[in-house]
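[1] model the structure of this input:
(one chain, ligands or ions: 1)
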Amino acid sequence: MTNIKRFITAMTAIGIMTSVSGTAMAADDLQIEHLGVTNTFVRVNGDDKYLMLPVQESNDDARINVIVDGKIAETIYVRLAKSKTDYMVPFDLSPYKGKNVILDVVTPQGRSSVREAKQDACWKGMVLVDPYRMPDTETKYRPLFHHTPLYGWMNDPNGMFYKDGVWHLYYQHNPYGSKWQNLSWGHSTSKDLVNWEPQPEALRPDGLGYIFSGSSVVDHDNTAGFGKDAVVSLYTSAGTNQMQSLAYSTDSGETFTTYPGNPIITLESEARDPNMFWNDETKEWNLMLAHALDHEMLFLTSSDLKSWTLQSAFGRGEGCQDGVWECPDMFPLTVDGTGEKKWVLICNINPGGPFGGSAVQYFVGDWDGKTFKADTDAEGKIPTKWLDYGKDNYALVSWSDAPAGRRTAIGWMSNWQYAADVPTTQFRSANTLPREIGLFKGADGQIYASSTPSPELLAMRDKLAVNKSGIKLSGKPSVVTLPATNDGICEILIDVEAKGNETVDMTLTNKAGDKVVMAYNAKDHTLSFDRTMSGIVDFSENFPAVTVSPTFEQNGKVSLRIFIDRSSIEIFGNEGKFSMTNLVFPNEPYSSLSVSSTGGNAKITTLRIYSLKN
Ligand code: FRU
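    Numbers count the residues shown, from 1 in each chain. So this is what the prediction gives:
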């Protein structure tokens, strides 16, 4: 469904790389000179744009100094193939067009002779191409309507802004492999939050270090002096220590210039993931920084986005303290029904999530432009609140300048516990579905954040494949077949009613015997999600899990909106009052949904299943 998908399926099934590397290439354009048992020079002389590098996942990193006209321009780390090539990655030569480029490669493995080193698969596989083409080797688990990088590792979403009808999404990216390394800002754009266009890498590591997470704003009033409506991004430069740097774009986020005065913020202790916004009440810029190891957020202010003053801190000893605090976000919202204005402070934490590993914690409170004051409960304590009750929604942050006052957010759909071990190779990780954040008052008087699927997702609906109502659950389980279109990707809308001690099981199954059990418990007012038998689960002991969410109702009724997209299941309950995002790796697509109950009164009031368009 995404353009990424169409792009990749447009390629021939057998690696185009293989055919390209099999054909004669101008020997003069690419010269490989072995200099020692671990050192090789790759000289590039031609005008091609990409040098394809063969990668073997299980190998250790080779260090490659890219020497341009005699000077080191950048250093990258690549698991260059030794005995076999798992996949290829493109090294973009366009910044060095017309110059002398040498890749000074130091391989990690011990060697007895240069003759042995010459046998490595990577030397034969390197090829110059323009443009590059790659077969999609991940058709089983690459989602169809979630954002994924074309190839390589991805973690946090970064620097998102909306401008001129385009949603910009940057992300923590390793362009040279599927493990955390070479952190850069990858870039994708979308006009509808469903179809994503891959864009060239936006920020690559520089002398100050890797490009870690950060945020972007559109500087409408040219406060920074880079021009009216320039896009200004702050990110963490992660070198020996972490500091904050600035980059700006005068072409709406397509290309960035790094600010010569970087870093613009240095502190004596580790702080990262700058997230800023324009405060229209105080008429200045506000910024949050994660004071990761101190488990708190720092607040700063500025008039020009370049010079920042530390104002206050929030969080030490509050909420969940079991992990580092990362990736802050903060925004005002109106509470549904009451009209009250409250601020939501997002504090992603890792580990310490309710089901282990990483999770999105948040606080509701007030912000006066300098200090954040969190709401307390009846006992005067600041309650711990979670935005999602699955295992796979982390580093969630929102778009700046979203239209119509929307607070649209997206998370990284994985968990640091096993993100590097999930059974995909060419790419690792997708983002969650985009969701609209709101506020509502719970029965306990507390204000909670809601997450509802972004309205654009309605356009994906194709055929109404199942449409039933009044299903009694007193006898045998009721079984419906899921649409087979696009490997069973679908949207399920199910309204459940139960009483007393009754539970209602909603089980997804396939012919391989995999199953996912979603169970509503009317007494406890909870929904659980059991993926212990969901398919491939043994790649990490932390993957098989049961996650449980409060359903925020008192009347025995839950309405669920469930999105299945090959390797993920996202549940939005009771108009977004709770959400649950979980990865699954079924051996084959789930093909049926069976519903049953422990009691005689429970029923499914309505069940609708839509196939989704490709
Ligand atoms: C969160 C995080 C951030 C950091 C980035 C590095 O997942 O640890 O704090 O900026 O990932 O990739």
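
[2] how about the strands in the stretch 451-600 of the chain?
    In the stretch 451-600 of the chain, the segments counted as strands under DSSP state E, counting those that start in this stretch are 461-472, 478-481, 490-497, 503-509, 515-521, 526-530, 546-550, 557-564, 568-573, 578-583, 592-597.

[3] out of the ones you listed, which is closest to residue 67?
    In terms of Cβ to Cβ, the element of these nearest to residue 67 is strand 578-583, at 40.9 Å. For glycine as for every other residue, the C-beta is placed from the backbone atoms N, C-alpha and C.

[4] show residues contacting that closest one.
    For strand 578-583, the external contacting residues (Cβ atoms under 8 Å, 6 or more residues apart in numbering) are 387-393, 411, 413-414, 422, 432, 435, 451, 527, 529, 531, 543, 547, 549-552, 567-573.

[5] for the chain, which segments count as helices?
    Ranges of helices within the chain are 3-9, 16-22, 114-117, 121-125, 485-488, based on DSSP state H.

[6] hmm, who's touching the third one?
    The set of residues external to helix 114-117 that reach it, using Cβ under 8 Å, 6+ apart, is 34, 36, 37, 38, 40, 107, 111.

[7] make a ChimeraX selection of the buried ones in these.
    Of the contacts of helix 114-117, the buried ones go into a single ChimeraX selection, burial set by 16 or more other Cβ atoms under 10 Å:
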select :34,37,38,40,107
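
[8] distance to residue 235 added to the contacts of helix 114-117, as a markdown table?
    Output for the contacts of helix 114-117, formatted as a markdown table (distance: Cβ to Cβ, whole Å):
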| residue | distance to residue 235 |
| --- | --- |
| 34 | 38 |
| 36 | 37 |
| 37 | 38 |
| 38 | 33 |
| 40 | 33 |
| 107 | 31 |
| 111 | 39 |
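
[9] nearest to the ligand among the contacts of helix 114-117?
    Using Cβ to the nearest ligand atom, residue 107 is the member of those that lies nearest the ligand, at 25.4 Å.

[10] my guess is the closest one contacts residue 36. True?
    No: Residue 107 is beyond contact range of residue 36, at 10.0 Å (criterion: Cβ atoms under 8 Å).

[11] quick check: residues of this protein near the ligand?
    155, 156, 172, 183, 212, 213, 236, 272, 273, 326, 327, 395 (Cβ under 6 Å from any ligand atom).

[12] find the nearest non-adjacent residue to residue 331, please.
    Leaving aside its sequence neighbours, residue 331 sits nearest to residue 407 (Cβ to Cβ, 6 or more residues apart in numbering; 5.6 Å).

[13] show me the contacts for the one you found.
    The contact partners of residue 407, by Cβ under 8 Å, 6+ apart, come to 331, 333, 398, 436, 437, 438.

[14] stretch 289-308: how far from the chain's middle?
    23 Å (Cα atoms, centre = their mean, to the nearest Å).

[15] and for stretch 209-216?
    Centroid separation for stretch 209-216 versus its chain: 14 Å, with Cα atoms, centre = their mean.

[16] and stretch 522-532, by the same measure?
    26 Å.

[17] any idea of the mean pLDDT in that stretch?
    The average pLDDT within stretch 522-532 is 98.

[18] and if you look at stretch 118-130?
    The pLDDT scores in stretch 118-130 average 95.

[19] so for that stretch, what gets flagged as buried?
    For stretch 118-130, a neighbour-count test (16+ other Cβ under 10 Å) marks 120, 121, 122, 123, 125, 126, 127, 128, 129 as buried.

[20] endpoints of it, how far apart?
    Across stretch 118-130, the terminal residues are separated by 26 Å (Cα to Cα, to the nearest Å).

[21] distance to residue 277 added to the strands of the stretch 451-600 of the chain, as JSON lines?
    Listed next are the strands of the stretch 451-600 of the chain as JSON lines, based on distance: least, Cβ to Cβ, whole Å:
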{"stretch": "strand 461-472", "distance to residue 277": "34"}
{"stretch": "strand 478-481", "distance to residue 277": "45"}
{"stretch": "strand 490-497", "distance to residue 277": "32"}
{"stretch": "strand 503-509", "distance to residue 277": "40"}
{"stretch": "strand 515-521", "distance to residue 277": "36"}
{"stretch": "strand 526-530", "distance to residue 277": "33"}
{"stretch": "strand 546-550", "distance to residue 277": "29"}
{"stretch": "strand 557-564", "distance to residue 277": "29"}
{"stretch": "strand 568-573", "distance to residue 277": "26"}
{"stretch": "strand 578-583", "distance to residue 277": "23"}
{"stretch": "strand 592-597", "distance to residue 277": "42"}
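
[22] format those strands as TSV; extra columns: distance to residue 294 and mean neighbour count.
    Shown next, in TSV, are the strands of the stretch 451-600 of the chain (distance: least, Cβ to Cβ, whole Å; neighbours: other Cβ atoms under 10 Å):
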stretch	distance to residue 294	mean neighbour count
strand 461-472	46	14
strand 478-481	51	14
strand 490-497	42	22
strand 503-509	42	21
strand 515-521	38	21
strand 526-530	33	21
strand 546-550	29	18
strand 557-564	37	21
strand 568-573	33	24
strand 578-583	28	26
strand 592-597	46	20
